[in-house]
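*Asks:* Build me a structure from this.
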Amino acid sequence: MSALLVLEDVVVVRGANRVLDGVSLEVRAGEIVGLLGPNGAGKSTLLRAALAITPRVSGRVSIGQSDPSELDRIVLARRAAFLPQDAEVSLDFSVREVVSMGRYAHVGRWSALSREDTAAIDAALLALDLVDLASRPIRALSAGEQKRALLARCFAQDAPLLVLDEPTSTLDAGRARSLLRAVRAKCDTGGALIAIHDLALAAASCDRIVALAAGKIVASGPPAMALTPAVLQSVFGVRGSVDVDEEGVRVTLRG
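*Replies:* All right, here's what the predicted structure looks like:
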């Protein structure tokens, strides 16, 4: 099966700095790829370059075998759904109205919703445990509830690829795990590239880890292979190990 997303030797320059320096990765259907790294490593820039939001100076990007910079934005929205780290809704739409915005890529902003659209919205609300909040104004919700609603909007978009920037940053541990289980279920028919800061959560939830430092990929592979003690120390400044047993993948950090 062809990859949903491919980056090959991507370079992004800001001023005199190479924010991304020859980055290559891919995301295939059925997998979650976790993008890890310290602040300033280039994670958000990589996600935005993957969607042609941030221009690259060289390298190749392909989404569904097309360069996203050459795609109509509606066509691109049918292939990839993006949740920025700083996503917010400035007006008092209801949660259901916000989630319904995910259907714009399919029906247009002013078109009537079909039965298929309504089903996609209902499924997204259910997947993110928002059914009881559907009629509430989104700005009346907690930061974590708002983040779940914005992710549900991505789910309703029904794009094969999810590109998510720190989707668990405002959630408690239980909600974060629940959210990533919902992403996992969504990836039964698609894939996801997720920037995430929680090492243990990433190791337990992602099929592959890409560790980024100073704009370069320093490790890539299954969690237990990518997050070696050397990588944990050099990239994240912590001592620890990643182990796999019958209970799954476990990160142990030591002081």
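*Asks:* For the rest of this, base every contact and every neighbour count on C-alpha atoms.
*Replies:* Noted.
*Asks:* Which elements pack onto the helix or strand bottoming out on mean pLDDT in the chain?
*Replies:* The helix or strand of the chain with the poorest confidence is strand 248-254; it has a mean of 74 (mean pLDDT, DSSP states H and E). Packing contacts for strand 248-254, counted by 3 or more CA pairs under 8 Å, 6 or more residues apart in numbering; DSSP states H and E, involve helix 199-205, strand 239-245.
*Asks:* all helices of the protein, in order?
*Replies:* 43-50, 73-77, 95-100, 104-107, 115-127, 143-157, 173-186, 199-205, 223-226, 229-236 (DSSP state H).
*Asks:* which one of those is the most hemmed in?
*Replies:* Of all these, helix 143-157 carries the top mean neighbour count, a mean of 25, counting by mean count of other CA atoms under 10 Å.
*Asks:* Helix 115-127 and that one, what's the angle between them?
*Replies:* 150 degrees (axes from the mean of the first three to the mean of the last three CA atoms, to 10 degrees).
*Asks:* can you list contacts of helix 143-157?
*Replies:* For helix 143-157, contacts defined as CA atoms under 8 Å, 6 or more residues apart in numbering pick out 77-78, 81-83, 87-88, 95, 98-106, 120-121, 123-125, 127-128, 130, 138-139, 162, 167-168, 170-171, 179, 186.
*Asks:* give me that answer again for 7 Å
*Replies:* Outside helix 143-157, the residues within contact range by CA atoms under 7 Å, 6 or more residues apart in numbering are 81-83, 95, 98-103, 105, 120-121, 124-125, 128, 138, 167, 170-171.
*Asks:* Work out the gap between that helix and the centre of the chain.
*Replies:* How far helix 143-157 lies from its chain's middle: 12 Å, per CA atoms, centre = their mean, to the nearest Å.
*Asks:* And stretch 182-194, by the same measure?
*Replies:* Per CA atoms, centre = their mean, the displacement of stretch 182-194 from the mean C-alpha position of its chain is 9 Å.
*Asks:* just stretch 209-228 next, same as before
*Replies:* Put simply, stretch 209-228 sits 16 Å off its chain's centre (CA atoms, centre = their mean).
*Asks:* so how far is residue 136 from residue 112?
*Replies:* Taking CA to CA, to the nearest Å as the measure, residue 112 falls 22 Å from residue 136.
*Asks:* Looking at the two, which is more packed in?
*Replies:* Comparing residue 112 with residue 136 by other CA atoms under 10 Å, the one with more neighbours is residue 136, at 16 against 9.
*Asks:* which residues sit in contact with that one?
*Replies:* Neighbouring residues of residue 136 by CA under 7 Å, 6+ apart: 94, 95.
*Asks:* Count residues in the vicinity of residue 187, would you?
*Replies:* For residue 187, using other CA under 10 Å, the count is 19.
*Asks:* Contacts only, for the nearest residue to residue 208 once chain neighbours are set aside.
*Replies:* Sequence neighbours aside, residue 222 is the residue nearest to residue 208 in space, at 4.3 Å (criterion: CA to CA, 6 or more residues apart in numbering). Residues counted as contacts of residue 222 (CA under 7 Å, 6+ apart) are 207, 208, 209.
*Asks:* Report the buried members of the residues you listed.
*Replies:* 207, 208, 209 (16 or more other CA atoms under 10 Å).
*Asks:* Okay, the first one and residue 128: tell me how far apart.
*Replies:* Between residue 207 and residue 128 the computed distance is 21 Å (CA to CA).
*Asks:* To residue 251, which of the helices of the chain lies closest?
*Replies:* Each of the helices of the chain has some distance to residue 251 by CA to CA; the shortest is helix 199-205, at 5.2 Å.
*Asks:* List the contacts of the closest one.
*Replies:* Contact partners of helix 199-205, identified using CA under 7 Å, 6+ apart, comprise 34, 180, 196, 223, 248, 249, 250, 251.
*Asks:* ok, now how distant is the residue nearest to residue 98 when sequence neighbours are not counted from residue 123?
*Replies:* Leaving aside its sequence neighbours, residue 98 sits nearest to residue 153 (CA to CA, 6+ apart; 6.4 Å). Here residue 153 is placed at a distance of 11 Å from residue 123 (CA to CA).
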